[in-house]
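A.B. asks: Got a predicted structure here, sequence first:
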Amino acid sequence: MKAIKIDMKEKEKLEFTRNVGFIAHIDAGKTTTTERILFYSGRVYKLGEVDEGTATTDWMPQEKERGITITSAATYCKWRDYHINIIDTPGHIDFTVEVERALKVLDGAVVIFCGVGGVEPQSETVWRQADKYKVARIAFVNKMDRVGADFFKVVEEIQEKLGATPVAVQLPLYEEEEFKGIIDLIKMKAIYYSDELGINLVYKEIPQESIELATKYRDQLMEKLAELDDNFMHKFIEGKEISEEEIILAIRNYTITNKITPVLCGSALKNKGIQLLLDAICNWLPSPKDLKIVKGFTPDGEEFEEREISSDAPFCALCFKIFTDPFVGKLFYTRIYAGKVSVGEEVFNVPKKVKEKINKIVRMHANKQEIIKSANAGDIVCLVGLKETVTGDTLTDPEYPILLEEMHFPEPVVSLAIEPKTKQDQEKLLTALRKLADEDPSFRFTYNRETGQNIISGMGQLHLEVVVERLLRDFNVKAKIGRPCVAYKETISRHTEAVGKFIQQTGGRGQYGHVVIVMAPNQKGRGITFESKLKGGVIPREFIPSVKEGIMEAAEAGILGGYPVTDIKVTLVDGSYHEVDSSELAFKIAAEIAFKEGLRKGGPILLEPIMGIEVVTPEAYLSQVIADLNSRRARITSISERRNVKIVRAEVPLGEIFDYVDVLRNLTQGRASYTIEPLYYEKVPDQIMAKILGK
């Protein structure tokens, strides 16, 4: 696939493209705002409502029932001369990975705040995610019609809680405490709406009682721009007239470089402020062209490499999401950074080092598909027909490979056991779980041989509820859900010697096996190790592997609760044999008998998995977090500080933190987060062991 030369029209098209995400705390109004944008831009002709389950981008049955966004929905619209690709993201913390992968491929974001709730916990999370990817932002303070809405308080919180530099470019306009319109601080005009649908905007002079406030905030806007721009500063100080175009251009320059965040206001539900928000998206958020280059590495990952964001550069794209459509198969959501791609072409998957053929290209409008023949730099489309590609893979021109930076996803923190109701459902279950894991990198599944359970893991209770619903409804799998067992293990606490004899006499040839073993506690994590120290051929060499096999099989289930046995060093020191009756089977059984005897005599103890946990919490909740961890038998190993949050690291038994995700949210009003990883196994305290074993 050669680099493609294009005409000036396509270059202009890139400049008039906007790739925008709507991000916010749950229930701030992202989906309602998206719906209004689609309506005013002519993309849909009837307004859908979240509460009625008719919103365009909440199309999954689970979203309609709950009235929340679960999966990022991609759509697009046209406004003025601009083509706007939109991704509406979830606001619930369980689906934060959807926000993460959307921000990875977007150029700009509209952060929506509730006029009453202000900067809420998940607002902080999505803001930090946008910081991580250096995404340019504008803020939209929604729900200005609600009782208790306070635009100025929200602007203040954006500065204090998020460390941003918000500049108001609009103010809400109230008449007798009713939200009537918006004051435009650039035009210095009041904007009213002459109809309920908010289609007709009427510009009037700012009411006399609001002039002083509008002038104050207009001056603040101009002062902030003057601080950043010397040319602006001179004009401002000298009292020269500054045109509307100059102000818009200055705001654009400093929004793209994340030096300011323009703040707009409105009420999506009451159809106010949406056209102005569309104008702001076009005026102030970057085009793909503004980002100039995309950074990556050579295919071996050794050296940095850059590629120009242009339609005449070699093809380069990132697959950021996969979704399984029941009719089309897998849809590979892809952001094209450079070049052009057409149906039937081969592209190179750089991480997998394989060529993939594109059978179809579609532009998504929520769950509806529009088939297109080709796609260019700046487009967000779905590719169909790829076989080896997974989320986060780079696709390029085979002759010009470049490896884009990988996407990193958080580890799952909550698990459930799931069991098929029948043997026929087992294969269906595994197939469905594989498809769901392909779609969602924060969802994992494993088969635990020790407890005989399928374990599904995700980011929270709601996340797993939705997964289970999809298994039952979308994939028609009949399954039972339960709490997973902790994978306890057993070991011994002291040295011991044990004898195992298996002697069986029948009418014909009998069975004879006799072993003497020494068992001792092994180093943590070493498992069962076996060594023979026999001298003088007391047991023929050919029977020694059978002794080891018997010990390993006996270690699969201990004597306390039938849990696997670990961390024991077994040494074969003596025994005897019979020239006729001894056999491999006899020595294997003798070894099993000796091992069980050694477990009984060696002071058997129960081991539990210990997890390393890292909790990131605002300082206000530090004492509650530590007190709760202490109640869960945790050992605090360190407390450190990062910016304005505290990091608590601890070691805690797995059995104590199954419900931790919900407890932590309640303790910290949803403002803390945590990650866990397995560390080692450790002895269970006697009183806890008695509970576990039911004694």
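C.D. replies: Looks like it came in fine.

A.B. asks: Val347 is in contact with Tyr400, isn't it?
C.D. replies: No. At 11.1 Å, Val347 does not count as touching Tyr400 under the criterion of C-beta atoms under 8 Å. In short, each C-beta sits where N, CA and C put it, glycine included.

A.B. asks: Could you tell me which residues touch both of those two?
C.D. replies: Where contact means C-beta atoms under 8 Å, 6 or more residues apart in numbering, the residues bridging Val347 and Tyr400 through contact with each are Phe315.

A.B. asks: Who has more neighbours out of those two?
C.D. replies: When Val347 and Tyr400 are compared on other C-beta atoms under 10 Å, the one with more neighbours turns out to be Val347, at 24 against 18.

A.B. asks: nearest residue to that one other than its sequence neighbours?
C.D. replies: Leaving aside its sequence neighbours, Val347 sits nearest to Leu395 (C-beta to C-beta, 6 or more residues apart in numbering; 4.5 Å).

A.B. asks: what's whatever helix or strand that neighbour lives in in contact with?
C.D. replies: For Leu395, the host element (DSSP states H and E) is strand 394-396. Defining contact as C-beta under 8 Å, 6+ apart, one finds that strand 394-396 is touched by 296, 314-319, 334, 347-351, 356, 383, 389, 402-404.

A.B. asks: need the longest helix for this protein.
C.D. replies: Scanning the chain for the helix with the most residues, using DSSP state H, yields helix 208-228.

A.B. asks: measure stretch 479-488 end to end?
C.D. replies: The distance separating the two terminal residues of stretch 479-488, taken as C-alpha to C-alpha, to the nearest Å, comes to 25 Å.

A.B. asks: Pull out the buried positions in it.
C.D. replies: Residues of stretch 479-488 classed as buried by neighbour count (16 or more other C-beta atoms under 10 Å): 479, 484, 486-488.

A.B. asks: Including secondary structure, distance to Leu106 and pLDDT, could the residues you listed go into CSV?
C.D. replies: Supplementary listing: the buried residues of stretch 479-488 in CSV, determined by DSSP: H, G, I helix; E, B strand; the rest coil; distance: C-beta to C-beta, whole Å; pLDDT from 0 to 100:
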residue, secondary structure, distance to Leu106, pLDDT
Ala479, strand, 36, 82
Pro484, coil, 36, 60
Val486, coil, 41, 72
Ala487, coil, 40, 72
Tyr488, coil, 45, 83
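
A.B. asks: lowest-confidence helix or strand of this structure?
C.D. replies: For the chain, scoring each helix and strand by mean pLDDT, DSSP states H and E identifies helix 61-66 as the least confident one, at a mean of 49.

A.B. asks: Just the buried residues of the longest helix of the chain, please?
C.D. replies: So helix 208-228, judged by 16+ other C-beta under 10 Å, has buried residues 210, 214, 217-218, 221-222, 224-226.

A.B. asks: From those residues, pick the one nearest Ile456.
C.D. replies: Checking the buried residues of helix 208-228 against Ile456 by C-beta to C-beta gives Lys224 as the nearest, at 49.5 Å.

A.B. asks: and the closest one, what does it touch?
C.D. replies: By C-beta under 8 Å, 6+ apart, Lys224 lies in contact with 165, 167, 260.

A.B. asks: what's the distance between the closest residue to Leu185 other than its chain neighbours and Leu171?
C.D. replies: Spatial nearest neighbour of Leu185, chain neighbours left out: Arg218 (4.7 Å); criterion: C-beta to C-beta, 6+ apart. Arg218 is 9 Å from Leu171, where distance means C-beta to C-beta, to the nearest Å.

A.B. asks: Let's verify Ile636: helix, strand, or coil?
C.D. replies: At Ile636, secondary structure determined by DSSP: H, G, I helix; E, B strand; the rest coil is strand.

A.B. asks: since we're on it, how many residues are nearby?
C.D. replies: 16.

A.B. asks: Spit out the contact partners of it.
C.D. replies: When contacts are taken as C-beta under 8 Å, 6+ apart, Ile636 is in contact with 626, 629-630, 648-650.

A.B. asks: Val467 too?
C.D. replies: For Val467, the contacting residues are 436, 440, 443, 456, 458, by C-beta under 8 Å, 6+ apart.

A.B. asks: Which of the helices or strands spans the residue positioned nearest the centre of the chain?
C.D. replies: For the chain, the residue sitting closest to the mean C-alpha position, by C-alpha atoms, centre = their mean, is Val97 at 2.0 Å. For Val97, the enclosing helix or strand under DSSP H and E is helix 96-105.

A.B. asks: Could you do Ile199 as well?
C.D. replies: Following DSSP H and E, one finds Ile199 outside all helices and strands.

A.B. asks: Ala74 too?
C.D. replies: Assignment of secondary structure by DSSP H and E places Ala74 within strand 73-79.

A.B. asks: That strand versus helix 96-105: what angle between them?
C.D. replies: Between the direction of strand 73-79 and that of helix 96-105, the angle (axes from the mean of the first three to the mean of the last three C-alpha atoms, to 10 degrees) works out to 40 degrees.

A.B. asks: sorry, back to before: joint contacts of Arg218 and Leu171?
C.D. replies: Common contacts of Arg218 and Leu171, defined by C-beta under 8 Å, 6+ apart, comprise Leu185.

A.B. asks: Just name whatever secondary elements the strand holding Ala74 is in contact with.
C.D. replies: In terms of contacts (3 or more C-beta pairs under 8 Å, 6 or more residues apart in numbering; DSSP states H and E), strand 73-79 is packed against helix 30-40, strand 82-88, helix 274-284, strand 360-365, strand 380-384.
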